[in-house]
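Asks: Next input, structure requested:
(chains A and B)
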Amino acid sequence: ETGVTQTPRHLVMGMTNKKSLKCEQHLGHNAMYWYKQSAKKPLELMFVYSLEERVENNSVPSRFSPECPNSSHLFLHLHTLQPEDSALYLCASSQDPQTTYEQYFGPGTRLTVT
Amino acid sequence: RKEVEQDPGPFNVPEGATVAFNCTYSNSASQSFFWYRQDCRKEPKLLMSVYSSGNEDGRFTAQLNRASQYISLLIRDSKLSDSATYLCVVNGEYGQNFVFGPGTRLSVLP
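Replies: Purely as a prediction, here's the structure:
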């Protein structure tokens, strides 16, 4: 149904692990985003990429490392996370990073850090 | 002041009721406004964009009041399937990102 896919859908990792989240969009969009959604809190924008170039980084800790190899793929590399990093991580894309365009979200990866 | 604020909810309404949500925003220069809905444990999905002149899509009507810096969403003839969290989205202070409100939860009861 959605033009934005994310894998894995669920992930449990220890604090010393390294893992990566993957996002792919099939909509021909030029901008991609990572959001974090914690329980009882609004969505928090983490990173914005426009045509594979990072245009925004909202003071995200360095244990989160994004990568955008092309306009269709976006990764979020995770290492030495903390339990408070447990959340739903959502990827989104839009036609252009200009905010007049709506964003389309993937189903998210539910991450649990133990 | 938070950039985007919404009615805290939850709203519990019977089927067939009309319900309205409000959202206020702090940045008077904001240009883009949207309503998204998010079902439990699912991703947000675009419900409708909000245009300056107001717009309607079936049972849903969105209004924008720039002078008072708020947007509203009216749902008529509520259905059980309307039960969700409704997110107000406004383009933010620093240009290239959306700011999401905390959401208003709606439960439509049989």
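
Asks: rest of the way, CA atoms for contacts and neighbours
Replies: Noted.

Asks: The helix or strand bottoming out on mean pLDDT in chain B and chain A, are they touching?
Replies: Confidence across the helices and strands of chain B bottoms out at strand B:98-100, with a mean of 86, counting by mean pLDDT, DSSP states H and E. Yes - applying Cα under 8 Å from any Cα of the partner chain, one finds that strand B:98-100 is in contact with chain A at B:F98, B:V99, B:F100.

Asks: Can you give the contact residues for the helix or strand following that strand?
Replies: Of the helices and strands lying after strand B:98-100 in sequence (DSSP states H and E), the nearest is strand B:104-109. Contacts to strand B:104-109, defined as Cα atoms under 8 Å, 6 or more residues apart in numbering or on different chains, come from residues B:6-15, B:21, B:78-87.

Asks: go again using 7 Å as the cut-off
Replies: Contacts of strand B:104-109 from elsewhere in the structure, counted by Cα atoms under 7 Å, 6 or more residues apart in numbering or on different chains, are B:6-15, B:78-80, B:82-87.

Asks: buried set for it?
Replies: Using 16 or more other Cα atoms under 10 Å in any protein chain shown as the burial criterion, the residues of strand B:104-109 that qualify are B:T104, B:R105, B:L106, B:S107, B:V108.

Asks: Specify the beta-bridge partners of residue 105.
Replies: You didn't say which chain, so I picked chain A. Beta bridges link A:F105 to A:A92 when assigned by DSSP bridges.

Asks: Sorry, I should have been clearer: chain B.
Replies: As for beta bridges, B:R105 partners with B:T85 under DSSP bridges.

Asks: Could you pull up the residues touching residue 31?
Replies: Using chain A here. Residues A:Y49, A:S50, A:L51, A:S93, A:S94, A:Q95, A:D96, A:P97 are the ones in contact with A:A31 under the rule Cα under 7 Å, 6+ apart.

Asks: Wait, chain B was what I had in mind.
Replies: Remark: with contacts taken as Cα under 7 Å, 6+ apart, B:Q31 is in contact with B:N91.

Asks: ok, now which ones touch the residue of chain B found nearest chain A?
Replies: Using Cα to the nearest Cα, the closest approach of chain B to chain A is made by B:P102 at 4.4 Å. Neighbouring residues of B:P102 by Cα under 7 Å, 6+ apart: A:K41, A:P42, B:E5, B:Q6, B:L87.
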